[in-house]
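Trainee: Predicted model follows, preceded by the sequence.
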Amino acid sequence: MARSVVITGAGLISTLGDSPRTLHRALCEGSKGVRSLQQSTSNGHRCRVGAPISDFRPEKYLQGRPLRPLDRTSQLAASAAQLALRDSGWSADLLADREVSLALGTMFGGIRTIAEFDRTAQHSGPTCASAMAFANTVINAAAGQTAIWHNLRGVNATIAAGTISGLLAIGYAADLIRFGTLNAILAGGTDEFCFESFHAFSQAGFLCGDTNGGDFPIPFDTRRNGFALAEGAAFLMLEDGDSARARGARILAEIRGNANAFDCSGGRDCDSAARAIARAITETLLRADVTPNDVDFLSSSANGSILRDCYESVAVEMAFKDCARHLPVTAIKGGTGEALGASGPLQAIAAIETLRQGMLPGISDLQDLAPDFPLRGAAAKTREISARCGLLNAVGLDGNACAMVISAIDG
């Protein structure tokens with residue numbers, strides 16, 4: 001029989017703080033991590049805003065060993081993992097006694113390290129390339145470094161599926177507990193902000209900004225013109241419900257179900273893209289044994305993308321039908337920016353806080369919805385909400401889609 005999957009802790013590093021409560025409060029207050037970039041980053045690009053974490057200091061979270069072997073992506077991941085382990089009560093002694101696994105989602109891994117390593121090897125010759133840097137040029141480096149740092153001796157998996165990687169990693173981890181023999185898995189994602197990723201997204205036309213000088217990374221708004229790139233890391237500690245209760249753990253919420261789907265058109269066909277997202281949602285509701293009427297709010301993947309925000313709204317209407325129009329909707333990427341592998345886990349943490357505190361964050365800077373927009377429950381204002389069950393969406397740039405249902409715990 002399937003086992004219950006509960007969440008016993010959360011940790012994050014983001015532009016809006018490093019604790020679940022701080023993140024949720026900032027989102028409810030309409031604070032934004034997105035800001036104007038330095039000329040050296042934005043020069044030559046139409047987009048002039050982003051959300052790098054300027055005050056991140058890994059030594060605040062990681063002590064006792066040299067940090068030099070960890071690049072920025074690994075430092076973000078290991079720091080957020082430390083906070084999640086502490087929040088869930090997994091001490092160093094307990095980790096030494098019991099096996100904990102790790103599932104980490106990332107879009108690029110240490111892309112800055114990879115680029116710098118390649119440039120050094122090309123310009124100065126292979127003998128000048130750093131052997132220590134080479135260890136961080138593989139996409140699973142952050143997962144490996146985080147596991148080594150925290151003595152996570154179980155399954156070690158890296159999920160690389162674009163912007164949905166983090167939520168997909170949580171879903172993968174939940175399935176390993178629900179249908180397998182693992183009892184505890186740290187799951188989440190990370191990605192860094194750097195010139196290489198900023199330039200790539202700009203060249204591909206995904207970042208906000210237009211020829212008139214406007215940057216509008218505003219989910220669902222009619223003015224939206226792309227997303228603002230961000231960075232961060234976020235993890236949830238997932239455990240088998242019986243095992244968590246046996247060790248006296250505090251239980252924050254439960255993952256009721258999750259599913260993913262793929263659009264073979266790669267996002268080029270609106271109907272095909274919307275149907276793929278709708279399939280992920282419908283299958284998730286089925287696995288979670290809930291109906292659209294049971295869902296109290298939607299944490300949308302929308303980030304200001306002109307097409308993909310539209311695809312998601314159409315998909316929710318397909319899956320929810322008449323219930324879609326009045327479904328309360330939030331989209332936290334208006335405040336955090338698009339943090340790639342960290343975005344889905346950040347959504348999950350904000351959703352848990354919504355279930356616990358009864359406040360659904362508004363969509364930052366949202367002013368105008370199209371007259372035929374199907375999700376009329378999307379609003380700029382933070383609302384009080386009596387919520388027991390939330391749906392999370394993650395929509396990729398390449399056709400991937402993932403959904404998850406998280407519910408409150410009775411008692």
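Mentor: Sure, I can see it.
Trainee: wait, is residue 243 part of a helix?
Mentor: Yes - with DSSP: H, G, I helix; E, B strand; the rest coil as the criterion, residue 243 is located in a helix.
Trainee: first vs last residue of stretch 324-338, how far apart are they?
Mentor: Taking C-alpha to C-alpha, to the nearest Å, stretch 324-338 runs 24 Å from one end to the other.
Trainee: Repeat that for stretch 358-372.
Mentor: For stretch 358-372, the end-to-end distance is 29 Å (C-alpha to C-alpha).
Trainee: quick one: average pLDDT of that stretch?
Mentor: In this model, stretch 358-372 carries a mean pLDDT of 96.
Trainee: ranges for the helices of the stretch 201-350 of the chain?
Mentor: Secondary structure of the stretch 201-350 of the chain (DSSP state H, counting those that start in this stretch): helices at 241-246, 270-288, 306-320, 333-336, 343-357.
Trainee: Then the stretch 1-150 of the chain?
Mentor: Under DSSP H, counting those that start in this stretch, the stretch 1-150 of the chain gives helices at 20-28, 39-42, 72-87, 92-97, 111-124, 131-134, 141-150.
Trainee: any idea which of those helices scores lowest on pLDDT?
Mentor: helix 39-42 (a mean of 60).
Trainee: number of nearby residues for residue 59?
Mentor: 9 (other C-beta atoms under 10 Å). Quick note: C-beta positions are derived from backbone N, CA and C, even for glycine.
Trainee: That one against residue 67, yeah?
Mentor: Yes - if you go by C-beta atoms under 8 Å, residue 59 and residue 67 touch, sitting 6.6 Å apart.
Trainee: Tell me which of the helices of the stretch 201-350 of the chain approaches residue 105 most closely.
Mentor: Judged by C-beta to C-beta, the one of the helices of the stretch 201-350 of the chain that comes nearest to residue 105 is helix 343-357, at 7.2 Å.
Trainee: List the strands paired with the helix or strand just after that closest one, with their directions.
Mentor: Downstream of helix 343-357, the first helix or strand assigned by DSSP states H and E is strand 359-360. Strand 359-360 pairs in its sheet with strand 383-384 (antiparallel), by DSSP bridges.
Trainee: which other residues reach the strand it pairs with?
Mentor: Residues outside strand 383-384 that contact it (C-beta atoms under 8 Å, 6 or more residues apart in numbering): 328, 358-360, 362.
Trainee: That one - what's its average pLDDT?
Mentor: Averaged across strand 383-384, the pLDDT comes to 97.
Trainee: As CSV, could you dump the C-alpha coordinates of stretch 339-346?
Mentor: Only the C-alpha atoms of stretch 339-346 are listed here, as CSV (Å, rounded to 0.1, in the frame of the first residue of the first chain):
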residue,chain,number,x,y,z
ALA,A,339,14.7,31.1,-9.7
LEU,A,340,14.7,28.1,-12.1
GLY,A,341,15.5,25.0,-10.1
ALA,A,342,14.6,26.8,-6.8
SER,A,343,11.3,28.2,-8.0
GLY,A,344,9.1,25.1,-7.4
PRO,A,345,10.5,24.5,-3.9
LEU,A,346,10.0,28.2,-3.1
